[in-house]
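> what's the 3D shape of this:
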Amino acid sequence: MKNRVTKAIFPVAGLGTRFLPATKSVPKEIMTLVDRPLIQYAIDEARAAGIKEFIFVTSRGKSALEDYFDHSPELESALRKKGKTDLLATLKTTNMESGAIAYIRQHRALGLGHAVWCARRLIANEPFAVILPDDVIAAEKPCLQQMVEAHAETGGCMVAAMEVPQDKTSSYGILDVREDHGTIVSMNGMVEKPPAEEAPSNLAVIGRYILTPKVMQHLNKMDRGAGGEVQLTDAIATEIGSGRPVHGYRFRGQRFDCGSKAGFLQATVAFGLARDDLRDEFSQYLDELVSVRNAAQ
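Alright, predicted model coming up:
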């Protein structure tokens, strides 16, 4: 019987410079998509997949992120006194039990592989997930839950994957596909941010991973890859070279790159229109906006 995946690492040490000046005082992961911070979407997805232990790799200036998951007795009491039970129930979904979250500091920004490696002592000898909160995925069944179910059959390592335009391959880790079975893809290797003309495919790694402890051993070597950083992609590729199973998983859902301003705005529109309490008013506004713009042309 394969080990269940019950631990997840959330690399959240980045400075979020693309969102300055907002991120001068607010961690990017706390920025709200409609009415929930990005990190809440990631936590909810992890919970749906059966994750019980949450490991945050942070840096200086992230105290607001830590406070977000703490209980707020004064606010809860005020809502209770005013009879605002719906808001109280919503607030309680943000609370985490004592000991469920661990915070690890990444003192130097040496890449995603290094951030994951920082959590090595909390992983021990178990498979684990990695979730990048910048990648928000709208799906009927949460992406990581899809992957955990597939991983129960395949074992080994698994990465979420999706097709990207050929001219965008230099922004992603790209799969060198060996056999394509539709949802599940086996591979010859992975290449981090290849030039478009050298990319082995246009199937890109998206910010969801299920990894074995062997990956941590590869990261121990601190080999530098693309950009002079310790790349998680390289450590996973070493597993492929060792003959152990590594699969790409084409998830069902729509991914939004909330690490970019355009992606964040696109996600805001999509998630706003998906809300029953906002859809009518918001879609009416968007229709009027388009009509005014067309009339002006």
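
> list the buried residues for the helix or strand hosting residue 272?
In this assignment (DSSP states H and E), residue 272 forms part of helix 261-273. By neighbour count on 16 or more other C-beta atoms under 10 Å, the buried set for helix 261-273 is 263, 264, 267, 268, 271, 272. Bear in mind the C-beta positions are built from the backbone N, C-alpha and C, glycine included.

> which outside residues touch that helix?
Helix 261-273 is touched from outside by 18-19, 31, 33-34, 136, 138, 254, 256-258, 278-279, 282-283, 286, with contacts defined as C-beta atoms under 8 Å, 6 or more residues apart in numbering.

> what's residue 154 in contact with, if anything?
Applying C-beta under 8 Å, 6+ apart, we find residue 154 in contact with 184, 245, 247.

> check residue 240 too.
Listed by C-beta under 8 Å, 6+ apart, the contact partners of residue 240 are 187, 188, 189, 190, 246.

> quick one: which of the residues you listed sit in strands?
Those of the contacts of residue 240 mapping onto strands are 187, 188, 189, 190, 246, per DSSP state E.

> quick one: low-confidence parts of the stretch 151-297 of the chain?
Scanning the stretch 151-297 of the chain with the threshold set as pLDDT under 70 gives 223, 225-228.

> tell me where it has helices.
Taking DSSP state H, counting those that start in this stretch, the helices of the stretch 151-297 of the chain run over residues 213-219, 232-241, 261-273, 279-296.

> with distance to residue 179 as extra columns, can I get those in CSV?
Formatted as CSV, those follow (distance: least, C-beta to C-beta, whole Å):
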stretch, distance to residue 179
helix 213-219, 22
helix 232-241, 13
helix 261-273, 31
helix 279-296, 42
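
> most tightly surrounded among those helices?
Across the helices of the stretch 151-297 of the chain, the average number of neighbours (mean count of other C-beta atoms under 10 Å) peaks for helix 232-241, which reaches a mean of 22.

> what's the neighbour count on the closest residue to residue 95 other than its chain neighbours?
Distance criterion C-beta to C-beta, 6 or more residues apart in numbering; nearest residue to residue 95, sequence neighbours excluded, is residue 71 at 5.3 Å. Counted by other C-beta atoms under 10 Å, the residues lying close to residue 71 total 14.

> what ranges do the strands span in the stretch 51-200 of the chain?
Shown for the stretch 51-200 of the chain, the strands assigned by DSSP state E, counting those that start in this stretch span residues 53-58, 101-105, 128-131, 135-138, 157-163, 173-180, 184-192.

> adding distance to residue 40, write those strands out as a markdown table.
Shown next, in a markdown table, are the strands of the stretch 51-200 of the chain (distance: least, C-beta to C-beta, whole Å):
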| stretch | distance to residue 40 |
| --- | --- |
| strand 53-58 | 12 |
| strand 101-105 | 13 |
| strand 128-131 | 12 |
| strand 135-138 | 10 |
| strand 157-163 | 19 |
| strand 173-180 | 26 |
| strand 184-192 | 29 |
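
> for the ones you listed, which one sits closest to residue 144?
strand 128-131 (6.1 Å; C-beta to C-beta).

> sorry, back to before: any chance of the ones in strands among the contacts of residue 240 in TSV, plus distance to residue 178 and neighbour count?
Formatted as TSV, the ones in strands among the contacts of residue 240 follow (distance: C-beta to C-beta, whole Å; neighbours: other C-beta atoms under 10 Å):
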residue	distance to residue 178	neighbour count
187	5	23
188	5	13
189	9	17
190	11	26
246	10	26
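
> identify the farthest-apart pair in those residues.
Most distant of the ones in strands among the contacts of residue 240, by C-beta to C-beta, are 188 and 246, 10.1 Å apart.

> any weak-confidence spans in the stretch 1-150 of the chain?
In the prediction, the stretch 1-150 of the chain carries residues with pLDDT under 70 at positions 1-2.

> ok, which stretches of it are helices?
According to DSSP H, counting those that start in this stretch, the helices that the stretch 1-150 of the chain contains are 38-48, 63-68, 73-81, 85-92, 112-117, 120-123, 143-154.
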